[in-house]
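J.: Pasting a predicted model and its sequence here:
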Amino acid sequence: MTDTLVLAYSGGLDTSVAIPWLKDKGYDIIAVVLDVGQHGKDLNEIQAKALKVGAKQSIVIDAKAEFADKYVAPVIKANMMYEGEYPMVSALSRPLIIKKLVDIAHENDAVAIAHGSTGHGNDQVRFEAAIHSLDPDMKIEAPIRDFQWSREEEIEYAQAHDVPVPINLDSPYSIDENLWGRANEAGILENPWNQAPEDAFALTAAIEDAPDTPEFIDITFEEGVPVALNNEQLSLEKLIIKVNKIAGIHGIGRIDHIENRLVGIKSREIYEAPAAAVLMTAHKDLEDLTLERDVAHFKPIVEQQLANLVYEAKWVSPLFDSLMAFIDDTQKNVNGVVKMKLFKGNATAVARQSEHNSLYDEDLATYTSSSSFDQASAVGFIKLWTLSNTVYEQVNHVHSQPKKNTVK
Ligand code: ARG
């Protein structure tokens, strides 16, 4: 009996040549494409292509809702941004892809899982770390990493094995995409002094082409998760798709990032994440209104830890779960509506309200005489607030001169 292998299939040249190559190695192949919202791809065509080039079975799974609810929602709640710039796009889909692949492998008594990552990126680590954690006995095949073929050799192999070679092969980019955004690297982008040309972008208009009038949208949040757009209740999946479209027109969400990869390389990445830019800005704004100060000041430390864990392939880890439990607890009061202004590449929060959880007290904050804030109570507070520093300075005179009459 031939061993069965489950392949994370994308439909591109790399994972397509992997099929005859793995077949030659003696596997029956089940190709699996996860629909996580990759834009403009015909997944039925991709499914058929896998069979055409030799897969025994080809499966497409619509994982968009699960991806949004279980993977993107935590990123929003925790404002996760790797190195303050990258909203985790590719890092997020890997653990879900592997979860599905391991299930399919088990259902079909497969002995191995294959992925199409190269040997110098983060994704190989994320794929394999996820496989190890869910099933340490599962064999892993990484044909693209193992081939180390030149483009010419790969094409030659493809032609010899009836794998269709796309005509636009000279498209130099390496693209990964899902609901939450699009990552683009390689080609002309590899030189960080090269400005990204317009053809590197697919989801966003150039600012020069963005409309001259702003657009305003209302995002409603419940427990830190967006639930409605302009008062229309939507699943997170649908809401993200809509906001991507609207914000993309305004040129919002382009990111040009020199990034520190897990494997030690610096890389230049061009991302487009219009919905992430809008929703995460809105979310943070609503937190400003609803989180108590100490919580608000502490939370970013946890957020950064979480972003690093996700980026560094540790989605499945007790630290991630514990920190997320803290985040979830902070989110129970993050309810309300934020009005976002979309204009020429910028998504700005311009108004916000929270019916039940706003900590903003107009009576305390007002400059008018109706203020309920007891200004007299500030006097003693200020004296005690920095008393220890006053004592230190008066003893050591780092920033001041001793008073003449106190010099002995
Ligand atoms: N550098 C990003 C990450 O590690 C994106 C990688 C996406 N892959 C790609 N082929 N563009 O998450």
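T.: Good, I have the coordinates.

J.: Could you look up the SS state of residue 383?
T.: With DSSP: H, G, I helix; E, B strand; the rest coil as the basis, residue 383 sits in helix.

J.: Could you pick out the residues of the stretch 51-200 of the chain near the ligand for me?
T.: 90, 91, 122, 123, 174, 175, 176, 183, 185 (C-beta under 6 Å from any ligand atom). All C-beta spots, glycine's among them, are computed from the backbone N, C-alpha and C.

J.: all helices of the stretch 301-408 of the chain, in order?
T.: Secondary structure of the stretch 301-408 of the chain (DSSP state H, counting those that start in this stretch): helices located at 318-330, 362-365, 377-385, 387-396.

J.: and the least confident of the residues of the stretch 51-200 of the chain next to the ligand?
T.: Lowest pLDDT among those: residue 174, with 86.

J.: What's the local residue count around that residue?
T.: As a burial measure, residue 174 scores 15 neighbours (other C-beta atoms under 10 Å).

J.: can you pull the contacts of the spatially closest residue to it that is not a sequence neighbour?
T.: Spatial nearest neighbour of residue 174, excluding adjacent residues (C-beta to C-beta, 6 or more residues apart in numbering): residue 186 at 4.2 Å. Residue 186 sits next to 172, 173, 174 when contact means C-beta atoms under 8 Å, 6 or more residues apart in numbering.

J.: if we can go back for a sec, so which of the residues of the stretch 51-200 of the chain next to the ligand are in strands?
T.: Within those, residues falling in strands by DSSP state E are 174, 175, 176, 183, 185.

J.: is it true that the last one touches residue 173?
T.: Spelled out, it's residue 185. Yes. Counting by C-beta atoms under 8 Å, residue 185 does reach residue 173; the two are 7.1 Å apart.

J.: Which one of the two is surrounded by more residues?
T.: The neighbour comparison of residue 185 against residue 173 (other C-beta under 10 Å) goes to residue 185, with 19 against 15.

J.: measure that one to residue 172 for me?
T.: From residue 185 over to residue 172 the distance is 10 Å, taken as C-beta to C-beta, to the nearest Å.

J.: Equivalent analysis for residue 204, please.
T.: Taking C-beta to C-beta as the measure, residue 204 falls 19 Å from residue 172.

J.: More neighbours: those two, which one.
T.: A direct count of neighbours by other C-beta under 10 Å for residue 204 and residue 172 places residue 204 higher, at 24 against 13.

J.: Could you check the pLDDT of that one?
T.: The model reports residue 204 with a pLDDT of 98.

J.: could you measure it against the ligand, distance?
T.: As for residue 204, its distance to the ligand is 16 Å (criterion: C-beta to the nearest ligand atom, to the nearest Å).

J.: Residue 109 contacts residue 3, doesn't it?
T.: No. Assessed by C-beta under 8 Å, residue 109 is found out of contact with residue 3, at 9.1 Å.

J.: Looking at these two, which is more packed in?
T.: Neighbour count, other C-beta under 10 Å: between residue 109 and residue 3, residue 3 has more, with 13 against 9.

J.: Cheers, nothing more for now.
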